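S.K.: sharing a model that was predicted from the sequence below.
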Amino acid sequence: MVYNSLLEVIESAKKSPNGITFISGKDKEKYLSYNELFLEACKILRVLQLGGIKPGFELVFQIEDNEKFISVFWACILGKIIPVPITVANKDEYRLKLLKVWKILNNPFLITDKKIFLSIEKYVFKNHSTEEYEAIKHNTIFLEEMKENERSGQLMQSSLDDIAFIQFSSGSTGDPKGVVLTHKNLLTNINAIINCAKLTAGDRALSWMPLTHDMGLIGFHLTTTMLKINQYIIPTTLFIRRPNLWMHKVNQYRISLTSSPNFGYKYFLSYFKPESAEEWDLSCVRLIFNGAEPISIELCEEFLNKMECYKLNKKSIFNVYGLAEASLAVTFPSVNEEMASIHVLRSSLSVGDKVIEGEGNGSIRLADLGSPVTDCSVRICNDNNEILPDKTLGNIQIKGDNVTERYYNNEEATSRLILKDGWLDTGDLGFMENNRLIVTGRAKDIIFVNGQNYYPHDIEKASEGVEGIELGKIALCGVFDNKFQRDVILAFIMFKKKIEEFMPLALELKRYISYNRGVNLDFIIPVKHIPKTTSGKIQRYKLGDMYFQGKYNDVLKEMEYLKEKLCKHKVYENPTTEIEKTLVSICREFLPVSSIGINDNFFDIGASSIILNQITHRLESIYPGKISVTDLFAYPTIAKLAAFLQKGQAITLPTLKIPEEFINKNRDIISSPVMFQFKLYQEQYKSVQDLCRNKNISVEDFITSLYIFMLSKVSKEPLVSIQLMTHKEDMVYSGSYNISKMKQFSHLSPDKISEGGFWYSINDVDQVRLERDKSSYAILLYNREFMSCNIDLINIYDILMEITMKDDEVEFFCEYNNLKLSAYGISKLMNDYANSILSNI
């Protein structure tokens with residue numbers, strides 16, 4: 001059957017008795033037929049249309065739930081709305097990416113749930129303008145508020161040349177580029193996939209790839225929808241927690257089609273337990289699509305060998321090449337052929353060189369990725385775009401009806417992407433032999449980590465948060481290492497002192513990037529200089545080449561020796577409680593260290609986001625309902641985590657009465673901003689410093705006491721109860737302060753007006769109990785310098801006042817619970833507080 005749009009594909013699928021099974025656990029799943037999905041999508045379309053979204057407007061997806069994702073995606077296709085699926089913004093880097101994508105679009109709307117939106121809202125308020133927040137908030141549709149209705153939206157026909165959706169890469173922030181995919185692009189590539197992989201209506205498909213990824217959305221949803229076959233979808237987060245579930249469900253549902261990038265096989269094998277697979281029969285599997293990142297033939301062979309006793313076909317792994325700009329697929333091998341590969345000499349892998357086969361130390365084994373799929377052409381060119389003969393290394397270029405014609409609203413990037421003769425430059429390097437493609441690497445510098453792309457300059461910029469590291473004096477690159485069978489991430493830092501002095505800096509950088517980016521730096525190497533081009537661009541490939549050539553072996557050995565020496569002399573504090581002993585046992589299993597003390601920070605000893613998920617999953621089975629992965633960020637040592645799990649005696653905190661004008665009577669979570677901020681700029685800050693120096697009090701005491709004074713004016717109470725974290729890291733003083741003692745300027749010190757109190761750790765806030773009635777609220781003022789944990793404190797305290805003291809300015813940032821408190825009242829408090837500071841200078 002010939003289709004002229006994805007709408008026709010969906011309308012055809014609804015007539016099928018088949019559908020999608022959404023898997024959320026070993027024994028938890030939900031089945032929806034294609035017809036049920038169609039009816040749900042029609043109802044959602046009406047909500048979108050009533051919300052002001054017209055044909056041609058863009059709808060940005062921030063949806064975690066796969067069922068909701070697909071229902072909304074279908075609704076967009078049915079209504080000629082342009083879907084823009086991007087990774088859910090659960091980290092600051094993804095929140096920044098969301099804002100960058102938003103600015104690229106013409107008429108953007110956002111669809112998400114309130115929990116995700118609140119995290120975006122906090123980020124925007126803290127790092128960007130209120131105008132950006134208002135624009136996003138005004139055009140946001142909440143999944144919770146999509147009321148049930150029986151009426152369908154108006155279906156809108158699309159032509160082949162209309163935009164079907166915009167595909168942004170799976171990478172971190174960078175400068176996101178939206179690949180424009182038309183209905184023609186997608187239908188061409190989907191038909192090619194079906195034809196070249198010999199897919200049939202008798203197949204069954206299972207995927208754990210995210211729907212924001214082209215393999216997950218196009219390869220294992222749109223393609224299988226066109227075939228009207230049964231689909232089974234596992235959330236990626238569930239695969240990370242329970243990798244064995246992948247093959248368990250393949251066996252259970254007799255799956256014939258599935259997929260995984262390189263890291264998935266290694267991850268699965270590292271947690272595979274034969275005793276859990278005794279009943280498996282994997283003879284049903286025809287194809288396991290393998291792409292999305294560099295392919296390790298050795299790892300594929302290991303996977304096939306381990307699964308052979310479960311009857312997995314040796315010819316099932318299907319190594320492919322593709323990219324978002326091609327919709328998805330570019331080259332496929334033939335079905336039912338064994339994996340092919342070639343050994344070539346590294347010394348022959350420069351653009352324009354004849355590739356020389358050979359084995360040994362100077363060689364690399366590369367995967368043969370097959371021939372171009374139907375309606376897609378591939379050529380290899382030199383840097384002047386001249387076509388090169390077979391077995392000559394060059395730039396991979398593609399052309400066809402599946403290939404995008406442009407990046408969305410980005411003429412400059414499009415002009416670099418599409419060559420004058422209409423061919424698209426993929427940015428990858430490789431060669432052809434007998435019409436089969438071998439990819440050798442990437443001209444671009446993207447680093448692959450567990451199926452995720454990272455831009456080196458993003459991590460380099462983040463590294464500036466570590467004292468002693470400057471942008472331009474650090475370079476990152478990813479290099480595939482045969483020893484590890486994956487990309488290793490190398491960080492090179494310009495450092496001219498002794499290696500002994502470099503070790504603390506390397507340790508701090510490793511911890512910082514692991515905590516803030518979820519990326520584990522494999523090797524951090526001191527270098528005398530960072531190679532750059534004449535225009536100042538870092539030549540990362542040169543550093544990677546020198547690593548391969550063993551130029552850094554001596555320095556790495558010396559660093560390893562120093563590390564072992566430190567470990568030998570290090571005193572490890574042993575566990576004393578049963579919980580601590582359990583945690584040590586679990587952490588030793590997952591963390592890449594042989595010894596661990598109860599006060600060792602997880603991020604100092606190699607914890608990555610995947611390792612933290614693994615530890616959390618194990619802990620969930622022992623302490624059900626008591627722990628989440630965010631708790632490991634909040635309590636990043638065994639001692640702190642054990643104390644959290646211990647659930648000790650409750651901490652009772654006093655609260656402060658606040659008048660009725662401060663109370664939010666509407667109780668609408670998004671009715672008003674949840675944050676306010678102001679700054680003391682350089683001249684103002686200098687005046688405050690001069691004043692405090694003359695009066696012999698600290699700046700911190702001055703601004704803290706004035707805040708207590710303003711709270712007294714608001715509450716009309718002489719005794720103010722407040723929580724202060726201004727002296728010790730993560731330690732809070734719960735005190736009551738008598739304003740009547742503030743008789744002169746020298747009394748502007750909390751210590752001098754205190755009526756007593758007690759200390760507690762901010763990490764124990766889960767044990768907090770509040771002494772309050774309907775008009776009493778808990779208030780915390782803290783210096784950002786002393787807050788090392790990452791806890792959502794607004795769930796405990798009603799008003800948070802964060803003070804960040806820098807060299808030449810002070811930032812004041814107020815967050816409040818707007819379910820309880822009004823924007824008017826908090827705004828007035830902040831304005832009065834700012835004015836009280838300024839009026840004293």
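M.R.: Sure, I can see it.
S.K.: residues near residue 479, how many?
M.R.: By the measure other C-beta atoms under 10 Å, the count of residues near residue 479 is 19. Where you see a C-beta, it was placed from the backbone N, CA and C, and this is true even at glycine.
S.K.: just to be sure, it is in a helix?
M.R.: No. Assessed with DSSP: H, G, I helix; E, B strand; the rest coil, residue 479 is strand; it does not lie in a helix.
S.K.: what's the spacing between the nearest residue to it once chain neighbours are set aside and residue 556?
M.R.: Spatially, and ignoring its direct neighbours in sequence, residue 479 is nearest to residue 544 (4.5 Å; C-beta to C-beta, 6 or more residues apart in numbering). According to C-beta to C-beta, to the nearest Å, residue 544 and residue 556 sit 14 Å apart.
S.K.: other SSEs contacting the lengthiest helix in the chain?
M.R.: Secondary structure assigned by DSSP state H gives helix 499-517 as the longest helix of the chain. Here helix 499-517 touches helix 456-462, strand 486-494, strand 523-527, helix 553-569, going by 3 or more C-beta pairs under 8 Å, 6 or more residues apart in numbering; DSSP states H and E.
S.K.: ok, 7 Å please
M.R.: Packed against helix 499-517 by the contact rule (3 or more C-beta pairs under 7 Å, 6 or more residues apart in numbering; DSSP states H and E) you find helix 456-462, strand 523-527, helix 553-569.
S.K.: could you point out which element follows the shortest one?
M.R.: When you say that, I think you mean strand 523-527. Downstream of strand 523-527, the next assigned helix or strand under DSSP states H and E is helix 540-548.
S.K.: from the contact counts, what lies against that following helix?
M.R.: Using 3+ C-beta pairs under 7 Å, 6+ apart, the elements in contact with helix 540-548 are strand 474-481, strand 486-494.
S.K.: go again with 10 Å.
M.R.: Helix 540-548 makes packing contacts with strand 436-442, helix 456-462, strand 474-481, strand 486-494, strand 523-527 when contacts are defined by 3 or more C-beta pairs under 10 Å, 6 or more residues apart in numbering; DSSP states H and E.
S.K.: got the angle for the fourth one vs helix 540-548?
M.R.: In other words, strand 486-494. Put simply, strand 486-494 runs at 110 degrees to helix 540-548, going by axes from the mean of the first three to the mean of the last three C-alpha atoms, to 10 degrees.
S.K.: same thing with the last one?
M.R.: Using the same axes, to 10 degrees, the inter-axis angle of strand 523-527 relative to helix 540-548 is 100 degrees.
S.K.: which residues does residue 529 contact?
M.R.: Shown in contact with residue 529 (C-beta atoms under 10 Å, 6 or more residues apart in numbering): 473, 492, 494, 496.
S.K.: per-residue pLDDT, the first one?
M.R.: According to the prediction, residue 473 has pLDDT 88.
S.K.: next one: it from residue 552, what distance?
M.R.: Relative to residue 552, residue 473 is positioned 17 Å away (C-beta to C-beta).
S.K.: okay if I get the contacts of residue 529 as JSON lines plus neighbour count and distance to residue 345?
M.R.: JSON lines is the format used below for the contacts of residue 529 (neighbours: other C-beta atoms under 10 Å; distance: C-beta to C-beta, whole Å):
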{"residue": "473", "neighbour count": "17", "distance to residue 345": "34"}
{"residue": "492", "neighbour count": "26", "distance to residue 345": "26"}
{"residue": "494", "neighbour count": "15", "distance to residue 345": "32"}
{"residue": "496", "neighbour count": "10", "distance to residue 345": "35"}
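S.K.: and which of those is nearest residue 238?
M.R.: Using C-beta to C-beta, residue 492 comes nearest to residue 238 of these, at 36.7 Å.
S.K.: quickly list what that closest one is bridged to.
M.R.: Taking DSSP bridges, one obtains residue 475, residue 525 as the residues bridged to residue 492.
S.K.: can you give me the distance of it to residue 161?
M.R.: 47 Å.
S.K.: could I get the phi/psi values of the closest residue in space to residue 617 that isn't next to it in sequence?
M.R.: Sequence neighbours aside, residue 241 is the residue nearest to residue 617 in space, at 4.4 Å (criterion: C-beta to C-beta, 6+ apart). When read as degrees, to the nearest 10, the backbone of residue 241 gives phi -80, psi -40.
S.K.: correct me, but residue 241 touches residue 628?
M.R.: No. Assessed by C-beta atoms under 10 Å, residue 241 is found out of contact with residue 628, at 11.6 Å.
S.K.: quick one: which of these two has more around it?
M.R.: Between residue 241 and residue 628, residue 241 has the larger neighbour count (other C-beta under 10 Å), namely 18 against 12.
S.K.: now do the same contact list for the more buried one.
M.R.: So residue 241 contacts 25, 235, 271, 613, 614, 616, 617, 618, 620, 629 (C-beta under 10 Å, 6+ apart).
S.K.: what about 8 Å?
M.R.: Listed by C-beta atoms under 8 Å, 6 or more residues apart in numbering, the contact set of residue 241 reads 613, 614, 616, 617.
S.K.: which of these are buried?
M.R.: Of the members of the contacts of residue 241, the ones counted as buried by neighbours, 16 or more other C-beta atoms under 10 Å, are 613, 614, 616, 617.
S.K.: of those, which pair is most distant in space?
M.R.: So, those by C-beta to C-beta: farthest apart are 614 and 616, at 7.2 Å.
S.K.: picking that back up, most widely separated two among the contacts of residue 529?
M.R.: Greatest spacing in the contacts of residue 529, by C-beta to C-beta: 492 and 496 (13.2 Å).
S.K.: quick one: strands adjacent to the helix or strand hosting residue 732?
M.R.: Using DSSP H and E, the element containing residue 732 is strand 731-738. Using DSSP bridges, strand 731-738 pairs in its sheet with strand 719-728 (antiparallel), strand 754-761 (antiparallel).
S.K.: could I get the average pLDDT for the last one?
M.R.: Regarding strand 754-761, the rounded mean pLDDT is 78.
S.K.: just the longest one next, same as before
M.R.: When pLDDT is averaged over strand 719-728, the result is 88.
S.K.: how far is it from where the chain is centred?
M.R.: 35 Å (C-alpha atoms, centre = their mean, to the nearest Å).
S.K.: name the residues of that strand that are buried.
M.R.: Under 16+ other C-beta under 10 Å, the buried positions of strand 719-728 are 720, 721, 722, 723, 724, 725, 726.
S.K.: now tell me what touches that strand from outside.
M.R.: By C-beta under 8 Å, 6+ apart, the residues outside strand 719-728 that reach it are 653-656, 700, 704, 708, 711-712, 731-739, 750, 755, 759, 762, 778-783, 786-787, 797.
S.K.: cool, thanks, talk later.
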